[in-house]
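Undergrad: predicted model and sequence follow; I will ask about them next.
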Amino acid sequence: MPNWDSLLNPNFIYLIPGCIFIFAAVVSMRAGKTYGRFGVSASRSEEPAQFWWGVALYFLGGIFFIGIYMRSIFPEAIFHPERWVQSK
């Protein structure tokens, strides 16, 4: 039996929509259709600009939420030039 309290902690709240957005972008690219503005579907062959904007927004949303999740796991910045100067 999975421990549901550990799956719904604040860290995973950001990972779940991030994965959903990335999954929706991949499915939209494979299917050739995505939801455009005002809930209208956009096809890759008929409305390519609106289609690619929708797919790009899905990817950006996924990257944004996964980035928040990664920042909550690793609160300290990885790139520190001050550490390089001190180590020399």
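TA: Perfect, I can see it now. Being a predicted model, the structure only gives us computed values, none of them experimental.

Undergrad: only C-alpha atoms from now on, for both contacts and neighbour counts.
TA: Will do.

Undergrad: buried sites along stretch 69-79?
TA: Tyr69 (16 or more other Cα atoms under 10 Å).

Undergrad: wait, I meant stretch 38-53
TA: 42-44, 50-52.

Undergrad: make JSON lines out of those residues and add distance to Ile66.
TA: Listed next are the buried residues of stretch 38-53 as JSON lines, based on distance: Cα to Cα, whole Å:
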{"residue": "Ala42", "distance to Ile66": "26"}
{"residue": "Ser43", "distance to Ile66": "27"}
{"residue": "Arg44", "distance to Ile66": "27"}
{"residue": "Gln50", "distance to Ile66": "24"}
{"residue": "Phe51", "distance to Ile66": "23"}
{"residue": "Trp52", "distance to Ile66": "21"}
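
Undergrad: would you turn those residues into TSV with distance to Pro75, pLDDT and secondary structure?
TA: Below are the buried residues of stretch 38-53 laid out as TSV (distance: Cα to Cα, whole Å; pLDDT from 0 to 100; DSSP: H, G, I helix; E, B strand; the rest coil):
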residue	distance to Pro75	pLDDT	secondary structure
Ala42	39	86	strand
Ser43	40	88	strand
Arg44	40	85	coil
Gln50	36	89	helix
Phe51	35	89	helix
Trp52	33	91	helix
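
Undergrad: out of everything not next to it in sequence, what's closest to Phe59?
TA: Nearest residue to Phe59 in three dimensions, chain neighbours excluded: Ile22, at 5.5 Å (Cα to Cα, 6 or more residues apart in numbering).

Undergrad: nothing else from me, thank you.
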